[in-house]
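S.K.: this is the structure alone, sequence omitted:
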């Protein structure tokens, strides 16, 4: 599939995929060595709820460093509360409707708009929930999420089929829907050295004042504790709902 710029997209190389565990381990080490310093430098949070959606074949334990990071900054961070992410089951709209109801109940507990953060496939959920629950939300942040893709532009299409029993192909109408951002400030964090999803599929095809793509260096598996990702997340969380500014404007 070509990008909006006409470039051809292919799966990440097997070399990138094969080095994912080692690179993720190095990122975790950097996280452990630097997280106290990075948290001390980050602005204090305002306590709004942050709901985190894990990637395919993972649960809240995998994104626990990210959740703990958000908590340490002063936010009420919780995982999605649905156990392992094995992909949507049955009718997509019905499944998303049930997830929206569940997420709405989580947000209502806190009495203020929430930020949704999704890693990989979890980011697809966060974006779609951003469309269904926009009045209850503050912003959406995705991490290594291939929303502008077909399944064969990742190295995990086979795993999705194994877990869900469904085809990993994306129909054109659904692909168009997934590419459309929610009507909220939306940030996509991506890495050109991602060994699981093609980095081009994490880019928005069209720009707007409240849509931004931010590049970091790192693996796909380690994005939940990558220090650069955590820095971006901290900056995004401090943005006020009515006066959101792009990360580029904040760091220029």
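M.R.: Everything's here; your move. Computed from a predicted structure; not experimentally measured.
S.K.: and stretch 224-241, what's buried?
M.R.: Residues of stretch 224-241 classed as buried by neighbour count (16 or more other Cβ atoms under 10 Å): 224-239. Backbone N, C-alpha and C define where each C-beta goes, glycine included.
S.K.: among the residues you listed, which one sits closest to residue 213?
M.R.: Using Cβ to Cβ, residue 232 is the member of the buried residues of stretch 224-241 that lies nearest residue 213, at 11.1 Å.
S.K.: which secondary structure elements does the helix or strand hosting the closest one contact?
M.R.: Assessed by DSSP states H and E, residue 232 sits inside helix 227-237. Contacts defined by 3 or more Cβ pairs under 8 Å, 6 or more residues apart in numbering; DSSP states H and E place helix 227-237 against helix 20-41, helix 64-72, strand 114-119, strand 137-143, strand 186-191, strand 211-216, helix 247-251.
S.K.: the spatially most central residue of the chain bridge partners, please.
M.R.: By Cα atoms, centre = their mean, the chain has its centre lying nearest to residue 142, at 2.4 Å. For residue 142, the beta-bridge partners are residue 118, residue 188 (DSSP bridges).
S.K.: could you list the low-pLDDT ranges of the stretch 151-252 of the chain?
M.R.: Along the stretch 151-252 of the chain, the model assigns pLDDT under 70 to residues 151-152, 158-170, 249-252.
S.K.: do that again at 80, thanks
M.R.: Scanning the stretch 151-252 of the chain with the threshold set as pLDDT under 80 gives 151-172, 207, 248-252.
S.K.: my read is that residue 71 contacts residue 78, right?
M.R.: No. Using Cβ atoms under 8 Å, residue 71 makes no contact with residue 78, being 9.2 Å away.
S.K.: who has more neighbours, those two?
M.R.: Neighbours per residue (other Cβ atoms under 10 Å) separate residue 71 from residue 78, with residue 78 holding more: 18 against 14.
S.K.: so what's the more buried one up against?
M.R.: Residues near residue 78 by Cβ atoms under 8 Å, 6 or more residues apart in numbering: 49, 50, 51, 52, 67, 106.
S.K.: 10 Å - rerun?
M.R.: For residue 78, the contacting residues are 49, 50, 51, 52, 60, 67, 70, 71, 106, 109, 110, 114, by Cβ atoms under 10 Å, 6 or more residues apart in numbering.
S.K.: any chance of a ChimeraX selection covering the buried ones in the residues you listed?
M.R.: Selection of buried members from the contacts of residue 78 for ChimeraX, criterion 16+ other Cβ under 10 Å:
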select :49,50,51,52,60,67,70,106,114
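S.K.: mind putting the contacts of residue 78 in CSV, pLDDT included?
M.R.: Output for these, formatted as CSV (pLDDT from 0 to 100):
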residue, pLDDT
49, 97
50, 98
51, 98
52, 98
60, 91
67, 96
70, 95
71, 94
106, 96
109, 96
110, 94
114, 98
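S.K.: I am finished for the moment; much appreciated.
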